[in-house]
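Participant: Following is a predicted model, sequence given first.
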Amino acid sequence: MSCDYTAMSSDRQSLFDPGDHQHLRFNPLRGSWILVSAHRMKRPWQGQIERPPEENVPRHEPTNPLCPGSRRANGEVNPKYESTFMFDNDYPALQPDAPDPGPGDHPLFQAKAAKGVCKVMCFHPWSDITLPLMQLSEIKTVIDRWAELIEELGPKYPWVQIFENKGAMMGCSNPHPHCQVWASSFLPNEPDLADGHQRAHWKTHGEVMLVEYARQEAVRKERVVVENEHWLVVVPYWASWPFQTMLLPRRHVLRLSDLTAQEREALASIMKMLLTKYDNLFEVSFPYSMGWHGHWRLFNDPMDCIHPSQITPLPARQFDALLFMSEFGWMCSLVANDIIAPRPVSFILFPVCLSGVVLIMDLQL
(Lines give C-alpha, C1' and ligand atoms only; values in the text may rest on other atoms or scores of the structure.)
Protein backbone atom coordinates (compact mmCIF):
# COMPACT_ATOMS: atom_id res chain seq x y z
CA MET A 1 0.00 0.00 0.00
CA SER A 2 1.52 3.33 -1.08
CA CYS A 3 1.01 6.73 0.49
CA ASP A 4 1.01 10.05 -1.38
CA TYR A 5 3.20 12.15 0.92
CA THR A 6 3.13 15.08 -1.55
CA ALA A 7 -0.65 15.30 -1.33
CA MET A 8 -0.53 15.01 2.47
CA SER A 9 2.05 17.81 2.66
CA SER A 10 -0.07 20.00 0.38
CA ASP A 11 -3.15 19.40 2.53
CA ARG A 12 -1.25 20.33 5.68
CA GLN A 13 0.04 23.53 4.07
CA SER A 14 -3.47 24.53 3.02
CA LEU A 15 -4.57 24.27 6.66
CA PHE A 16 -1.63 26.28 8.02
CA ASP A 17 -2.35 29.71 9.50
CA PRO A 18 0.70 31.63 10.82
CA GLY A 19 -1.53 33.36 13.37
CA ASP A 20 -2.82 30.08 14.79
CA HIS A 21 -0.05 27.55 14.28
CA GLN A 22 3.45 27.61 15.71
CA HIS A 23 6.28 27.41 13.20
CA LEU A 24 9.96 28.19 12.71
CA ARG A 25 11.24 31.09 10.64
CA PHE A 26 14.79 31.37 9.36
CA ASN A 27 16.93 34.41 10.12
CA PRO A 28 19.36 34.56 7.17
CA LEU A 29 21.58 37.14 8.88
CA ARG A 30 22.30 34.82 11.81
CA GLY A 31 21.77 31.44 10.18
CA SER A 32 19.40 30.57 13.03
CA TRP A 33 15.72 29.81 13.49
CA ILE A 34 13.02 31.78 15.33
CA LEU A 35 10.06 30.04 16.96
CA VAL A 36 6.84 31.94 16.19
CA SER A 37 3.90 30.97 18.41
CA ALA A 38 1.41 33.78 17.86
CA HIS A 39 -1.50 31.62 19.04
CA ARG A 40 -0.21 32.10 22.62
CA MET A 41 -1.69 35.60 22.43
CA LYS A 42 -4.97 33.94 23.39
CA ARG A 43 -3.77 32.91 26.85
CA PRO A 44 -4.74 35.21 29.78
CA TRP A 45 -1.94 37.41 31.08
CA GLN A 46 -1.16 37.20 34.80
CA GLY A 47 2.42 38.41 34.67
CA GLN A 48 4.05 41.60 35.87
CA ILE A 49 2.55 44.94 34.87
CA GLU A 50 4.74 48.03 34.47
CA ARG A 51 2.82 51.29 34.26
CA PRO A 52 4.56 53.94 32.15
CA PRO A 53 6.19 56.40 34.55
CA GLU A 54 5.01 59.97 34.67
CA GLU A 55 7.33 61.98 32.44
CA ASN A 56 8.21 65.41 33.67
CA VAL A 57 11.67 66.02 32.27
CA PRO A 58 12.88 69.60 32.68
CA ARG A 59 14.32 71.26 29.60
CA HIS A 60 17.55 72.00 31.42
CA GLU A 61 18.69 70.35 34.64
CA PRO A 62 22.08 71.56 35.95
CA THR A 63 22.78 68.19 37.59
CA ASN A 64 22.22 66.27 34.35
CA PRO A 65 25.75 65.62 33.01
CA LEU A 66 24.55 65.76 29.39
CA CYS A 67 23.05 69.24 29.54
CA PRO A 68 24.87 72.29 28.14
CA GLY A 69 27.03 73.93 30.80
CA SER A 70 26.76 70.98 33.22
CA ARG A 71 29.73 69.43 34.98
CA ARG A 72 30.38 65.75 34.22
CA ALA A 73 31.76 63.06 36.54
CA ASN A 74 35.36 63.70 35.46
CA GLY A 75 35.08 67.38 36.36
CA GLU A 76 34.87 68.67 32.80
CA VAL A 77 32.19 71.25 32.03
CA ASN A 78 30.16 70.86 28.86
CA PRO A 79 30.13 73.79 26.46
CA LYS A 80 26.83 75.59 26.03
CA TYR A 81 26.20 73.74 22.80
CA GLU A 82 23.24 74.57 20.56
CA SER A 83 23.22 71.55 18.24
CA THR A 84 24.94 68.18 18.59
CA PHE A 85 27.72 67.65 21.12
CA MET A 86 30.29 64.84 21.21
CA PHE A 87 32.63 63.81 24.02
CA ASP A 88 34.63 60.78 25.13
CA ASN A 89 32.66 58.57 27.51
CA ASP A 90 33.75 59.24 31.08
CA TYR A 91 33.36 55.53 31.92
CA PRO A 92 34.28 53.76 28.67
CA ALA A 93 33.86 50.03 28.17
CA LEU A 94 36.74 50.16 25.68
CA GLN A 95 40.02 52.04 26.00
CA PRO A 96 42.71 52.46 23.32
CA ASP A 97 45.68 51.55 25.50
CA ALA A 98 44.52 48.43 27.39
CA PRO A 99 47.27 45.77 27.79
CA ASP A 100 47.11 42.42 26.00
CA PRO A 101 46.09 39.57 28.36
CA GLY A 102 48.41 37.15 26.57
CA PRO A 103 47.75 33.51 25.67
CA GLY A 104 45.75 31.33 28.04
CA ASP A 105 47.22 28.30 29.78
CA HIS A 106 44.35 26.01 28.72
CA PRO A 107 42.01 25.77 25.68
CA LEU A 108 39.01 26.37 27.94
CA PHE A 109 40.45 29.55 29.42
CA GLN A 110 41.23 31.93 26.59
CA ALA A 111 41.32 35.69 26.35
CA LYS A 112 42.53 38.20 23.80
CA ALA A 113 43.04 41.92 23.54
CA ALA A 114 40.08 44.29 23.24
CA LYS A 115 40.82 47.92 22.50
CA GLY A 116 38.79 50.84 21.29
CA VAL A 117 37.14 54.13 22.12
CA CYS A 118 33.68 55.01 23.43
CA LYS A 119 31.99 58.31 22.70
CA VAL A 120 28.70 59.93 23.70
CA MET A 121 26.80 62.10 21.25
CA CYS A 122 24.04 64.44 22.38
CA PHE A 123 21.42 65.05 19.70
CA HIS A 124 20.03 68.32 21.05
CA PRO A 125 20.61 70.78 23.92
CA TRP A 126 17.13 70.20 25.38
CA SER A 127 16.49 67.30 27.74
CA ASP A 128 12.72 67.26 27.17
CA ILE A 129 12.93 66.42 23.47
CA THR A 130 13.40 63.14 21.59
CA LEU A 131 14.22 62.27 17.99
CA PRO A 132 10.58 62.13 16.80
CA LEU A 133 9.96 65.61 18.25
CA MET A 134 13.03 67.16 16.64
CA GLN A 135 12.92 69.11 13.39
CA LEU A 136 13.91 67.27 10.21
CA SER A 137 16.92 69.55 9.80
CA GLU A 138 18.04 68.68 13.34
CA ILE A 139 17.71 64.93 12.70
CA LYS A 140 19.70 65.31 9.48
CA THR A 141 22.44 67.04 11.47
CA VAL A 142 22.57 63.97 13.71
CA ILE A 143 22.86 61.71 10.65
CA ASP A 144 25.62 63.89 9.20
CA ARG A 145 27.53 63.63 12.47
CA TRP A 146 27.12 59.84 12.45
CA ALA A 147 28.58 59.74 8.95
CA GLU A 148 31.54 61.88 10.04
CA LEU A 149 32.21 59.48 12.91
CA ILE A 150 32.26 56.51 10.55
CA GLU A 151 34.89 58.29 8.43
CA GLU A 152 36.87 59.38 11.49
CA LEU A 153 36.97 56.08 13.36
CA GLY A 154 36.62 53.58 10.50
CA PRO A 155 40.26 53.69 9.35
CA LYS A 156 41.47 53.01 12.91
CA TYR A 157 39.02 50.33 14.05
CA PRO A 158 37.39 47.37 12.26
CA TRP A 159 33.97 48.05 13.78
CA VAL A 160 32.14 51.27 14.67
CA GLN A 161 28.84 50.70 16.46
CA ILE A 162 26.35 53.55 16.76
CA PHE A 163 23.47 52.76 19.10
CA GLU A 164 20.81 54.45 21.19
CA ASN A 165 19.11 53.08 24.30
CA LYS A 166 16.09 55.28 24.86
CA GLY A 167 14.16 55.32 28.12
CA ALA A 168 14.80 54.11 31.65
CA MET A 169 13.22 50.77 30.71
CA MET A 170 16.14 50.21 28.33
CA GLY A 171 18.75 51.12 30.93
CA CYS A 172 19.23 54.75 29.93
CA SER A 173 20.33 56.62 33.06
CA ASN A 174 20.23 60.17 31.64
CA PRO A 175 16.95 61.64 30.34
CA HIS A 176 18.57 63.53 27.50
CA PRO A 177 18.51 62.74 23.76
CA HIS A 178 21.80 60.99 23.01
CA CYS A 179 23.46 57.91 21.59
CA GLN A 180 26.71 56.07 22.12
CA VAL A 181 29.45 55.19 19.66
CA TRP A 182 31.80 52.29 20.35
CA ALA A 183 34.73 51.69 18.01
CA SER A 184 36.42 48.34 18.64
CA SER A 185 39.56 46.51 17.57
CA PHE A 186 37.47 43.37 17.00
CA LEU A 187 34.35 42.44 15.08
CA PRO A 188 31.49 41.72 17.55
CA ASN A 189 29.61 38.42 17.37
CA GLU A 190 26.40 39.59 15.67
CA PRO A 191 28.07 41.61 12.89
CA ASP A 192 30.53 38.76 12.39
CA LEU A 193 27.66 36.29 11.91
CA ALA A 194 25.80 38.64 9.58
CA ASP A 195 28.92 39.33 7.54
CA GLY A 196 29.57 35.63 6.99
CA HIS A 197 26.00 34.83 6.00
CA GLN A 198 25.76 37.82 3.65
CA ARG A 199 28.96 36.69 1.94
CA ALA A 200 27.61 33.16 1.59
CA HIS A 201 24.35 34.51 0.13
CA TRP A 202 26.28 36.59 -2.41
CA LYS A 203 28.38 33.62 -3.50
CA THR A 204 25.35 31.34 -3.82
CA HIS A 205 22.78 33.71 -5.33
CA GLY A 206 24.81 36.60 -6.77
CA GLU A 207 22.59 39.08 -4.89
CA VAL A 208 23.22 41.43 -1.97
CA MET A 209 21.03 39.79 0.69
CA LEU A 210 19.44 42.88 2.21
CA VAL A 211 18.95 44.65 -1.12
CA GLU A 212 17.13 41.56 -2.38
CA TYR A 213 15.17 41.36 0.88
CA ALA A 214 14.11 45.04 0.66
CA ARG A 215 12.98 44.50 -2.92
CA GLN A 216 10.95 41.44 -1.94
CA GLU A 217 9.26 43.20 0.99
CA ALA A 218 8.46 46.23 -1.18
CA VAL A 219 6.64 43.95 -3.62
CA ARG A 220 4.86 41.79 -1.03
CA LYS A 221 3.66 44.75 1.10
CA GLU A 222 2.93 42.39 4.02
CA ARG A 223 5.32 43.75 6.63
CA VAL A 224 5.95 47.31 5.43
CA VAL A 225 5.45 49.92 8.16
CA VAL A 226 6.45 53.08 6.31
CA GLU A 227 8.40 53.88 3.15
CA ASN A 228 9.64 56.70 0.97
CA GLU A 229 11.67 57.09 -2.20
CA HIS A 230 14.96 55.99 -0.64
CA TRP A 231 14.08 53.91 2.44
CA LEU A 232 11.81 51.11 3.59
CA VAL A 233 10.86 50.16 7.17
CA VAL A 234 9.66 46.60 7.70
CA VAL A 235 8.93 44.23 10.53
CA PRO A 236 11.46 41.52 9.61
CA TYR A 237 10.04 38.16 8.58
CA TRP A 238 12.35 36.66 11.22
CA ALA A 239 11.56 39.21 13.98
CA SER A 240 12.50 37.97 17.45
CA TRP A 241 10.63 40.71 19.30
CA PRO A 242 7.17 42.19 18.78
CA PHE A 243 7.37 45.61 17.12
CA GLN A 244 10.95 44.96 16.04
CA THR A 245 11.69 46.87 12.85
CA MET A 246 14.45 47.07 10.27
CA LEU A 247 15.22 50.14 8.18
CA LEU A 248 16.58 49.31 4.73
CA PRO A 249 17.93 51.45 1.86
CA ARG A 250 16.42 50.91 -1.57
CA ARG A 251 19.86 50.84 -3.17
CA HIS A 252 23.09 49.12 -2.19
CA VAL A 253 24.83 51.31 0.39
CA LEU A 254 27.71 50.12 2.55
CA ARG A 255 27.84 52.79 5.23
CA LEU A 256 26.22 56.02 6.40
CA SER A 257 28.98 58.15 4.95
CA ASP A 258 28.10 56.84 1.46
CA LEU A 259 24.59 58.34 1.55
CA THR A 260 23.75 61.27 -0.71
CA ALA A 261 22.28 64.48 0.69
CA GLN A 262 18.85 63.44 -0.60
CA GLU A 263 19.15 60.00 1.03
CA ARG A 264 20.11 61.59 4.34
CA GLU A 265 17.11 63.91 4.19
CA ALA A 266 14.86 60.95 3.38
CA LEU A 267 16.42 58.99 6.25
CA ALA A 268 15.68 61.83 8.68
CA SER A 269 12.09 61.90 7.44
CA ILE A 270 11.46 58.16 7.73
CA MET A 271 13.10 57.95 11.17
CA LYS A 272 10.83 60.73 12.39
CA MET A 273 7.78 58.99 10.90
CA LEU A 274 8.64 55.60 12.42
CA LEU A 275 9.41 56.92 15.90
CA THR A 276 6.27 59.08 15.87
CA LYS A 277 4.22 55.99 15.04
CA TYR A 278 5.76 54.17 18.00
CA ASP A 279 5.03 57.06 20.39
CA ASN A 280 1.44 57.42 19.19
CA LEU A 281 0.69 53.71 19.22
CA PHE A 282 1.88 53.17 22.78
CA GLU A 283 0.83 56.64 24.00
CA VAL A 284 4.19 57.01 25.73
CA SER A 285 7.62 58.23 24.80
CA PHE A 286 8.49 54.89 23.28
CA PRO A 287 11.47 53.01 24.83
CA TYR A 288 13.73 51.18 22.41
CA SER A 289 17.23 50.08 21.51
CA MET A 290 18.39 51.06 18.04
CA GLY A 291 21.71 50.20 16.44
CA TRP A 292 23.29 50.72 13.02
CA HIS A 293 24.96 47.83 11.24
CA GLY A 294 27.13 48.82 8.31
CA HIS A 295 30.07 47.44 6.40
CA TRP A 296 32.90 46.74 8.79
CA ARG A 297 35.77 47.61 6.47
CA LEU A 298 36.41 51.08 5.11
CA PHE A 299 36.79 49.88 1.53
CA ASN A 300 34.17 48.76 -0.97
CA ASP A 301 32.80 45.24 -0.70
CA PRO A 302 29.70 44.05 -2.58
CA MET A 303 28.28 41.73 0.07
CA ASP A 304 27.10 43.97 2.91
CA CYS A 305 24.47 46.70 3.22
CA ILE A 306 23.72 49.18 6.01
CA HIS A 307 20.63 48.66 8.14
CA PRO A 308 19.57 49.85 11.58
CA SER A 309 17.47 47.54 13.73
CA GLN A 310 15.13 48.59 16.50
CA ILE A 311 13.72 46.47 19.32
CA THR A 312 11.52 47.15 22.32
CA PRO A 313 10.60 45.21 25.48
CA LEU A 314 6.94 46.24 25.08
CA PRO A 315 4.82 43.33 23.82
CA ALA A 316 1.69 43.55 21.71
CA ARG A 317 -0.41 41.76 24.30
CA GLN A 318 -0.56 44.61 26.76
CA PHE A 319 1.25 47.88 26.34
CA ASP A 320 2.14 48.22 30.02
CA ALA A 321 3.68 44.76 30.34
CA LEU A 322 7.37 44.02 29.98
CA LEU A 323 8.78 41.31 27.74
CA PHE A 324 11.88 39.29 28.58
CA MET A 325 13.40 36.25 26.94
CA SER A 326 12.08 33.00 28.40
CA GLU A 327 14.14 30.24 30.01
CA PHE A 328 13.67 28.21 26.83
CA GLY A 329 15.13 31.03 24.77
CA TRP A 330 18.17 31.38 26.98
CA MET A 331 18.82 27.67 27.46
CA CYS A 332 18.23 26.61 23.85
CA SER A 333 19.40 29.78 22.08
CA LEU A 334 16.10 29.63 20.21
CA VAL A 335 14.23 32.91 20.51
CA ALA A 336 10.50 32.32 20.96
CA ASN A 337 8.34 35.13 19.58
CA ASP A 338 5.09 34.06 21.18
CA ILE A 339 3.48 37.48 21.28
CA ILE A 340 2.36 38.33 17.78
CA ALA A 341 3.29 37.29 14.26
CA PRO A 342 5.52 39.75 12.34
CA ARG A 343 2.94 40.42 9.63
CA PRO A 344 0.10 41.62 11.94
CA VAL A 345 2.54 43.96 13.71
CA SER A 346 3.02 45.90 10.47
CA PHE A 347 -0.77 46.09 10.12
CA ILE A 348 -0.92 47.72 13.57
CA LEU A 349 1.93 50.19 12.99
CA PHE A 350 1.17 51.14 9.37
CA PRO A 351 -2.06 53.16 9.91
CA VAL A 352 -0.93 54.95 13.07
CA CYS A 353 -1.11 58.75 12.95
CA LEU A 354 2.12 60.51 11.96
CA SER A 355 1.45 63.84 13.65
CA GLY A 356 3.13 64.87 16.86
CA VAL A 357 -0.19 64.58 18.70
CA VAL A 358 -0.74 61.32 20.53
CA LEU A 359 -3.40 59.24 18.84
CA ILE A 360 -5.79 57.30 21.07
CA MET A 361 -6.32 53.85 19.61
CA ASP A 362 -8.58 50.98 20.58
CA LEU A 363 -6.66 47.89 19.52
CA GLN A 364 -8.31 44.52 19.92
CA LEU A 365 -5.29 42.23 20.19
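Facilitator: Here it is on my side, so go on. No experiment lies behind these values; they were computed from the predicted model shown.
Participant: doesn't residue 89 make contact with residue 74?
Facilitator: No. Look at residue 74 against residue 89 with Cβ atoms under 8 Å: they stay out of range, at 10.0 Å. Every C-beta, even on glycine, is put in place using the N, C-alpha and C of the backbone.
Participant: The two: which has the busier surroundings?
Facilitator: Higher neighbour count among residue 74 and residue 89: residue 89, with 17 against 11, using other Cβ atoms under 10 Å.
Participant: mind checking how far the more buried one is from residue 185?
Facilitator: In this view, residue 89 and residue 185 are 16 Å apart by Cβ to Cβ, to the nearest Å.
Participant: Show me which residues of the helix ranked longest in the chain are buried.
Facilitator: Longest helix of the chain, by residue count under DSSP state H: helix 261-282. Counting neighbours by 16 or more other Cβ atoms under 10 Å, one finds that the buried residues in helix 261-282 are 263-282.
Participant: Residue 217: helix or strand, and which one exactly?
Facilitator: If you go by DSSP states H and E, residue 217 is part of helix 209-220.
Participant: same for that helix, what does it pack against?
Facilitator: Applying 3 or more Cβ pairs under 8 Å, 6 or more residues apart in numbering; DSSP states H and E, one finds that helix 209-220 contacts helix 189-205, strand 224-227, strand 231-234, strand 245-249.
Participant: between the first one and helix 209-220, how many degrees?
Facilitator: Okay, so that is helix 189-205. Taking axes from the mean of the first three to the mean of the last three Cα atoms, to 10 degrees, one finds helix 189-205 and helix 209-220 inclined to each other by 80 degrees.
Participant: quick one, what contacts residue 83?
Facilitator: 124-125, 138, 141 (Cβ atoms under 8 Å, 6 or more residues apart in numbering).
Participant: For it, give its distance to residue 118.
Facilitator: 21 Å.
Participant: With residue 163 instead?
Facilitator: The gap separating residue 163 from residue 118 is 11 Å, by Cβ to Cβ.
Participant: what is in contact with the two at once?
Facilitator: Going by Cβ under 8 Å, 6+ apart, residues that sit against residue 163 and also against residue 118 are 180-182.
Participant: could I get these as JSON lines with pLDDT and distance to residue 227?
Facilitator: Listed next are the shared contacts of residue 163 and residue 118 as JSON lines, based on pLDDT from 0 to 100; distance: Cβ to Cβ, whole Å:
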{"residue": "180", "pLDDT": "94", "distance to residue 227": "28"}
{"residue": "181", "pLDDT": "95", "distance to residue 227": "28"}
{"residue": "182", "pLDDT": "95", "distance to residue 227": "30"}
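Participant: hang on, the earlier thing: next, the angle from the helix holding residue 217 to strand 245-249.
Facilitator: 100 degrees.
Participant: Tell me the buried residues in helix 209-220?
Facilitator: By 16+ other Cβ under 10 Å, the buried positions in helix 209-220 come out as 209-214, 217.
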